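Asks: show me the folded form of this:
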Amino acid sequence: MKRLLLVLAISILALLGSVAHAQVMEVSAYTHTGGVMANGEYPYVGAVASDDLPLGTHVLINGREYVVADRFGGGYSGTIDIFVDTYEEAIEFGRQWLDVIVL
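Replies: The predicted structure follows:
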């Protein structure tokens, strides 16, 4: 069912002309470090880190839209790190292989 919903979402977005591609990526979560992100802003919920995608790129993960605002800084490929507010949320999220739709 989940895969069917993803295919449906991709199809609708493609018809609207707003989807570039979809792929399965390793997704993890991170929280406050005290510094700014690669885009110069302080971290906020809705931001993600990616070394593959340009800053400002919008992605859809589990039905929620995020914006690439940060970098891993190590040349990691095929990974996304979602910003969350607390350490506990990051640990609970863990590492998952999820469908990521690049908008």
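Asks: tally of neighbours for the residue nearest to residue 41 when sequence neighbours are not counted?
Replies: Of all residues not flanking residue 41 in the chain, residue 69 sits nearest, at 6.3 Å (Cβ to Cβ, 6 or more residues apart in numbering). Any C-beta I mention is one placed from the backbone N, CA and C, and that applies to glycine too. Counted with other Cβ atoms under 10 Å, residues neighbouring residue 69 total 23.
Asks: and residue 69, how far from residue 95?
Replies: Per Cβ to Cβ, to the nearest Å, residue 69 is found 20 Å from residue 95.
Asks: which strand of the protein spans the most residues?
Replies: The longest strand of the chain (DSSP state E) is strand 21-30.
Asks: residues of that one that come out buried?
Replies: 22, 25, 27, 29, 30 (16 or more other Cβ atoms under 10 Å).
Asks: let me have the residues you listed in TSV, extended by pLDDT and distance to residue 38.
Replies: Listed next are those as TSV, based on pLDDT from 0 to 100; distance: Cβ to Cβ, whole Å:
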residue	pLDDT	distance to residue 38
22	85	24
25	96	18
27	98	18
29	97	17
30	96	13
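Asks: ok so, going back, before we move on, which element is the residue nearest to residue 41 in?
Replies: Here residue 69 sits within strand 64-70, counting by DSSP states H and E.
Asks: tell me the average confidence for the very next helix or strand once past that strand?
Replies: Scanning forward in sequence from strand 64-70 by DSSP H and E, the next helix or strand is strand 79-83. Across strand 79-83, the average pLDDT comes to 97.
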